[in-house]
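# Next one to model:
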Amino acid sequence: MEKDIIVIGGGPGGYVAAIRASQLGAKVTLVEKERLGGTCLNAGCIPTKVLLHTAEIYSEYKSSQDMGLNISSAGVDWDRLQLRKTGVVNQLVDGVYGLLVSNNVELVEGSAEFINKNKVKVLKKDGSTTILESEGIIIASGSLPFIPPIDGISLDGVIDSTASLSLRKLPKKIVIIGGGVIGVEFATIFNSLGCEVSIIEMLPYILPPIDREIADMLHRNLVEEGIQIYNDAKVLSIGKTEKGLCANVLMSGKEFSVEGENILVSIGRRANISGLNLQAAGIDCEKGCIIVNDRMETNIKGIYAVGDCNGKNMLAHVASRQGEVAAENLMGIESEMDYKVIPACVFTKPELASVGLTEEQAIKKGIEYKVGRFPLTANGKSIIMNEYKGLIKIIADKKYGEILGVHILGPRATELITEGALAISLEATVDEIVNTIHAHPTVGEALKEAALDADNKAIHMPAK
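Have a look, this model is predicted:
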């Protein structure tokens, strides 16, 4: 039996939910107030990686003589790079639109708010209003950058991650408040393009959710590349200087200033739910996020919430999977989210990727575990690529050898982590990784060496 379903938001959670529901026989209307693709496609994952790709090429140019290349000169054409970024984003947004059309999803452009648990009012871009009625609703309204209450935060030149993608010119110096994923990725981009970069982080370390050993290695690599990192540091205020702006910082009991032409605030995101009138539908929220169960259903039967708006895990690939789960449950197929196997990727140089338990989490859970490590200084492909300052680390159950966590710092880490995710999903053991023949020469064969090392059997490391 066909169901009428409304999806609010066309990001990676919403458009995937809409397509999946349509595949299962639903008549789907998707409401999007800005552009299809959400933050990820328009102001997050995709445009940042366009900039990062150019930054990587430029960084490699700087060491081109070591690679046997004679290149007389090269520079960054910021305006042209902005055009390329826009072109890539537009191509992918058009692709999402094509997918919706091919799956018979009706697109309504406008802002949605609840009238009751079955009705939604949409204020269209042309100023008109329409009322949509549905047997099921999936909320996928995304998130917005969190702006902290710091004195001077509204000064010209203080920007968020969205604004930093479209600066009129490349700054010579930039200060980044926040050493999480967004902060270190932008630090890598701007540093590789020739900017002086400083990171200010309140915690004693960068990348709080990441395995400490791996995050500390990345920290050292970033510092070696010329990025200044201040840990255990609090921004007291932001002020103007003759050359731009300064962040006034308290660290180790001392106050000092860090100057930059721009100050990028990247300390997290918050659910974008304020305009939805959720109370009209009786939907419960907590700490600014919509409460859902593992079926992605809210407290109101037939209403689901996926992606950043539920605050479970603000990653695009998590939103997409949640969208599939919500659509399947709405269409009568029992489905639940499994948060055990979620890869986390940090697009720095070198890349960092992680899945499963960190060593700190294993200790906290009281798990008896063993660790296998393989440094990429001993991996042929990494040396060829001149990206050998990294490590592959495997955490496994001590008794049975079941793989519990995989953590990679090195080239193509964000691609390689899928092997770790699949291994954990299948409850594979280190022996099963070892017995899988890995191609040579690849960075991936270092995964096998790390698995071997968990039992002190690594071939390409000196005997312990």
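# Contacts for the helix or strand where Ala327 lies next, please.
Using DSSP states H and E, Ala327 sits in helix 316-330. Helix 316-330 is contacted from outside by 3, 5, 11-18, 20-21, 24, 26, 40, 44-45, 136, 138, 140, 295-297, 302, 304-308, 310, 312, 334-337, 342-343, using C-beta atoms under 8 Å, 6 or more residues apart in numbering. C-beta here means a position set from N, CA and C on the backbone, and glycine is covered the same way.
# do the same with stretch 107-123
Contacts of stretch 107-123 (C-beta under 8 Å, 6+ apart): 6, 8, 10, 29-33, 36, 97, 100, 124-125, 129-135, 137, 275-278, 280-283, 300, 302-303.
# Can you dump the C-alpha atoms of it in PDB for me?
The C-alpha trace of stretch 107-123 is given here as PDB (Å, rounded to 0.1, in the frame of the first residue of the first chain):
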ATOM      1  CA  LEU A 107      10.800  18.600  -4.400                       C
ATOM      2  CA  VAL A 108       9.200  21.600  -2.700                       C
ATOM      3  CA  GLU A 109      11.600  24.500  -2.200                       C
ATOM      4  CA  GLY A 110      10.800  26.300   1.100                       C
ATOM      5  CA  SER A 111      10.800  26.400   4.900                       C
ATOM      6  CA  ALA A 112       8.800  23.800   6.700                       C
ATOM      7  CA  GLU A 113       7.100  24.000  10.100                       C
ATOM      8  CA  PHE A 114       4.700  21.600  11.900                       C
ATOM      9  CA  ILE A 115       1.000  22.400  12.300                       C
ATOM     10  CA  ASN A 116       0.400  19.100  14.100                       C
ATOM     11  CA  LYS A 117       1.800  15.600  14.000                       C
ATOM     12  CA  ASN A 118       0.400  14.900  10.500                       C
ATOM     13  CA  LYS A 119       0.500  18.400   8.800                       C
ATOM     14  CA  VAL A 120       3.400  20.600   7.700                       C
ATOM     15  CA  LYS A 121       3.200  24.200   6.500                       C
ATOM     16  CA  VAL A 122       5.700  25.200   3.900                       C
ATOM     17  CA  LEU A 123       6.600  28.800   3.200                       C
END
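# That stretch - what's its average pLDDT?
Taken as a whole, stretch 107-123 has a mean pLDDT of 96.
# Now Glu106. Nearest residue, chain neighbours left out?
In space, and not counting its chain neighbours, Glu106 is closest to Thr29: 4.7 Å by C-beta to C-beta, 6 or more residues apart in numbering.
# Can you mark which positions in the helix or strand encompassing the one you found are buried?
Assignment of secondary structure by DSSP H and E places Thr29 within strand 27-32. Across strand 27-32, burial judged by 16 or more other C-beta atoms under 10 Å covers 28-32.
# can you state the direction angle for that strand and helix 316-330?
Interaxial angle of strand 27-32 relative to helix 316-330 (axes from the mean of the first three to the mean of the last three C-alpha atoms, to 10 degrees): 150 degrees.
# what's the following helix or strand past strand 27-32 packed up against?
With elements assigned by DSSP H and E, the helix or strand that comes after strand 27-32 is helix 38-43. Under the contact criterion of 3 or more C-beta pairs under 8 Å, 6 or more residues apart in numbering; DSSP states H and E, helix 38-43 touches helix 78-102, helix 161-164.
# Just the C-alphas of helix 38-43, formatted as CSV.
Output of helix 38-43 as CSV, limited to C-alpha atoms (Å, rounded to 0.1, in the frame of the first residue of the first chain):
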residue,chain,number,x,y,z
GLY,A,38,22.9,20.1,2.9
THR,A,39,26.0,21.3,4.7
CYS,A,40,28.0,18.3,3.5
LEU,A,41,27.7,19.1,-0.2
ASN,A,42,27.5,22.9,0.0
ALA,A,43,29.6,24.0,2.9
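# Return the residues in contact with Asn299.
282-284, 291.
# Ile384: which of those residues is nearest?
Ile291 (50.0 Å; C-beta to C-beta).
# Please give the number of neighbouring residues around the closest one.
Look at Ile291: counted by other C-beta atoms under 10 Å, it has 15 neighbours.
# ok, it to Ala326 distance?
According to C-beta to C-beta, to the nearest Å, Ile291 and Ala326 sit 14 Å apart.
# same deal with Gln65?
53 Å.
# which of those two has more neighbours?
Neighbours per residue (other C-beta under 10 Å) separate Gln65 from Ala326, with Ala326 holding more: 34 against 10.
# before we move on, back to that, of the contacts of stretch 107-123, which belong to strands?
Counting by DSSP state E, the contacts of stretch 107-123 place 6, 8, 29-32, 124, 129-133, 137, 303 in strands.
# List only buried entries from the residues you listed.
6, 8, 29-32, 132, 137, 303.
# what two of these are the furthest from one another?
Glu32 and Ile303 (18.3 Å).
# where's the residue positioned nearest the centre of the chain relative to Leu99, distance?
What sits nearest the mean C-alpha location of the chain, by C-alpha atoms, centre = their mean, is Leu315, with 5.1 Å. According to C-beta to C-beta, Leu315 and Leu99 sit 21 Å apart.
# repeat for His53
On the measure of C-beta to C-beta, His53 and Leu99 end up 24 Å apart.
# before we move on, what about Asn299?
Taken as C-beta to C-beta, the span from Asn299 to Leu99 is 31 Å.
# what's the answer for Ile182, then?
Distance from Ile182 to Leu99, by C-beta to C-beta: 27 Å.
# tell me the domain boundaries of the protein?
4-145+270-330, 158-267, 350-453 (automatic domain parsing).
# now the strand holding Thr29 against helix 78-102, angle please.
Using the same axes, to 10 degrees, strand 27-32 lies at 160 degrees relative to helix 78-102.
# gap between strand 27-32 and the chain center?
26 Å (C-alpha atoms, centre = their mean, to the nearest Å).
# what does it contact?
2-10, 14-15, 18, 21-22, 100, 103-112, 120, 122, 132, 134.
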